[in-house]
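K.L.:
Whatever this is, show me its structure:
(2 chains)
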Number of protein chains: 2
Amino acid sequence: MSKVRVTAFSVSLDGYGAGLRQDLQNPLGLRGTELHNWFFHTEVFKKIQGQSGGATGVDNDFAAKSFESVGAWIMGRNMFGPVRGPWPTTGDPWKGWWGDNPPFHAPVFVLTHHARSPLAMAGGTTFHFVTDGPESALKQANQAAGGKDVRIGGGVSVLRQYLAAGVIDEMHFALSPVLLGAGEHLFFDINLHQLGFEVVRTVTGENATHVFIEKK
Amino acid sequence: MSKVRVTAFSVSLDGYGAGLRQDLQNPLGLRGTELHNWFFHTEVFKKIQGQSGGATGVDNDFAAKSFESVGAWIMGRNMFGPVRGPWPTTGDPWKGWWGDNPPFHAPVFVLTHHARSPLAMAGGTTFHFVTDGPESALKQANQAAGGKDVRIGGGVSVLRQYLAAGVIDEMHFALSPVLLGAGEHLFFDINLHQLGFEVVRTVTGENATHVFIEKK
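P.N.:
All right, here's what the predicted structure looks like:
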């Protein structure tokens, strides 16, 4: 059964999913990278970077699982890049943070207010730019996923929109032992209990605590 | 060296330290008791209740530690009881949630806007009602603690006031695997990083994840 899931989504102890002021130098906002330290240590991440080494263990296992059975991705435009407003028609076009061979290896639906032609990358990733809203993006992602899961990549605002819409089946948060203090808060003013979610499992990793949340 | 500390303070995974609508039936607000399940299982808690049994282990060890070296407590009026407004002068006076022999065994300074004479209980607990604000309460608690620590008991609003005042040295949160969804949020709109705190240790207990935060 195909699911809509959030996986390996890093959150600070105080509930922030991204730092302030994302830009080209800070793809995850100020200090946002600290949220992902658990992931940067893993063998899975090193492989994505074309490197060898990296830690195996609990964190690495969950990092690997997060990429399994994903038939399509959805992400917000800010997760795709720092460009704002219409896509520039001159110069090198922005192709995401991930180089020529992004780690998605599947169709990725990018929510944006500005139309752009699909962008096919190496390794099976194609970015599709969706201008008619999250519901349409999810419909397209479901069709493209071919029975596999749809993974909501982020960021926080996109995740909260899909949560509020009631379409997410399960979530896996990697709770990082850092205090971000400011940024995009994941939990405040969104009632996960009322939305039907409960914590089903907590697993301690080497550098994060993995929390699994499902719809009752 | 005497410290001002927050210890064994239960927080939901989504950052709430208490539920909505505290009253006589819900001392911790709606579903607030779920935050404290880890504690209710412990031998320490059973002993406080005059019962035998209860679990030993990590959670119990931290529950025990939370009562060690505490020379004085500070709490808000809502933690002391459900009474609002002036203290009633007729009928049985409210003496706290904890029966004749409260588990504090030390002076407890209760922040309130309404004056009341000190209330001496069995076992060494005396409730002092402080009407001239948190700074005064801390001063009195420091004097009364006789070189031991001052423990800020709660609730959330009191904790946040002392955090904002910059007087708390260390905190131990028991992160419970529940989603409260609504209530008093501990972390939103208070910048623990800017206040100089960092996570120094995370320990997995049987029914909660214990997070230790200190001033740099």
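
K.L.:
Buried ones in stretch A:76-91, by neighbour count?
P.N.:
Applying a neighbour-count criterion of 16 or more other Cβ atoms under 10 Å in any protein chain shown, one finds A:76-81 buried in stretch A:76-91. For every residue, glycine as well, the C-beta is placed using N, CA and C.

K.L.:
neighbouring contacts of it?
P.N.:
The contact list for stretch A:76-91, computed with Cβ atoms under 8 Å, 6 or more residues apart in numbering or on different chains, reads A:22-24, A:27, A:93-94, A:96-97, A:108, A:110-114, A:116, A:127, A:153-155, A:157-158.

K.L.:
got a list of what the nearest residue to residue A:178 once chain neighbours are set aside touches?
P.N.:
Closest residue to residue A:178 apart from its sequence neighbours, by Cβ to Cβ, 6 or more residues apart in numbering or on different chains: residue A:34 at 4.7 Å. Contact partners of residue A:34, counting by Cβ under 8 Å, 6+ apart, are A:12, A:176, A:178, A:180.

K.L.:
Check residue A:32 too.
P.N.:
Residue A:32 neighbours (Cβ under 8 Å, 6+ apart): A:18-19, A:22, A:26, A:180, A:183.

K.L.:
Tell me the secondary structure of the residue nearest the centre of chain A, please.
P.N.:
Among the residues of chain A, the one closest to the centroid is residue A:153, at 2.2 Å (Cα atoms, centre = their mean). What DSSP: H, G, I helix; E, B strand; the rest coil gives for residue A:153 is strand.

K.L.:
Quick check: chain neighbours aside, which residue is closest to it?
P.N.:
Once flanking residues are discounted, residue A:153 sits nearest to residue A:75: 4.0 Å by Cβ to Cβ, 6+ apart.

K.L.:
wait, doesn't that neighbour sit right on residue A:106?
P.N.:
No - judged on Cβ atoms under 8 Å, residue A:75 makes no contact with residue A:106 at a distance of 11.9 Å.

K.L.:
Can you name every helix or strand that the helix or strand harbouring residue A:150 contacts?
P.N.:
Using DSSP states H and E, residue A:150 falls within strand A:149-154. Applying 3 or more Cβ pairs under 8 Å, 6 or more residues apart in numbering or on different chains; DSSP states H and E, one finds that strand A:149-154 contacts strand A:4-12, strand A:70-76, helix A:134-144, helix A:156-164.

K.L.:
do you know which of the ones you listed lies nearest residue A:56?
P.N.:
strand A:4-12 (15.8 Å; Cβ to Cβ).

K.L.:
partners of the closest one in the sheet?
P.N.:
Its sheet considered, strand A:4-12 pairs with strand A:149-154 (parallel), strand A:170-176 (parallel) by DSSP bridges.

K.L.:
and stretch A:108-122, how far apart are its ends?
P.N.:
Start-to-end span of stretch A:108-122 (Cα to Cα, to the nearest Å) is 13 Å.

K.L.:
Distance-wise, check residue A:75 relative to residue A:102.
P.N.:
Residue A:75 is 11 Å from residue A:102, where distance means Cβ to Cβ, to the nearest Å.

K.L.:
no, scratch that, I was asking about residue A:72
P.N.:
Taking Cβ to Cβ as the measure, residue A:72 and residue A:102 are separated by 13 Å.

K.L.:
more neighbours, those two?
P.N.:
residue A:72 (25 against 21; other Cβ atoms under 10 Å in any protein chain shown).

K.L.:
gap between stretch A:188-206 and the chain center?
P.N.:
Averaging C-alpha positions (Cα atoms, centre = their mean, to the nearest Å) puts stretch A:188-206 17 Å from its chain's average.

K.L.:
Convert it to PDB, retaining C-alpha atoms only.
P.N.:
Extracted C-alpha coordinates of stretch A:188-206, given in PDB (Å, rounded to 0.1, in the frame of the first residue of the first chain):
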ATOM      1  CA  PHE A 188       4.000  25.100  17.400                       C
ATOM      2  CA  ASP A 189       0.400  25.900  16.600                       C
ATOM      3  CA  ILE A 190      -0.200  22.600  14.800                       C
ATOM      4  CA  ASN A 191      -2.100  20.000  16.700                       C
ATOM      5  CA  LEU A 192      -0.600  16.600  15.800                       C
ATOM      6  CA  HIS A 193      -2.700  14.900  18.400                       C
ATOM      7  CA  GLN A 194      -5.900  16.300  17.000                       C
ATOM      8  CA  LEU A 195      -4.700  15.400  13.500                       C
ATOM      9  CA  GLY A 196      -4.700  11.800  14.700                       C
ATOM     10  CA  PHE A 197      -1.000  11.200  15.100                       C
ATOM     11  CA  GLU A 198       0.700   9.300  17.900                       C
ATOM     12  CA  VAL A 199       4.300   8.300  18.700                       C
ATOM     13  CA  VAL A 200       4.700   4.600  18.000                       C
ATOM     14  CA  ARG A 201       8.400   4.100  18.600                       C
ATOM     15  CA  THR A 202      11.600   5.900  19.700                       C
ATOM     16  CA  VAL A 203      15.000   4.600  18.800                       C
ATOM     17  CA  THR A 204      18.300   6.000  20.100                       C
ATOM     18  CA  GLY A 205      20.800   6.500  17.300                       C
ATOM     19  CA  GLU A 206      24.500   7.500  17.600                       C
END
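
K.L.:
Thank you kindly, that will do.
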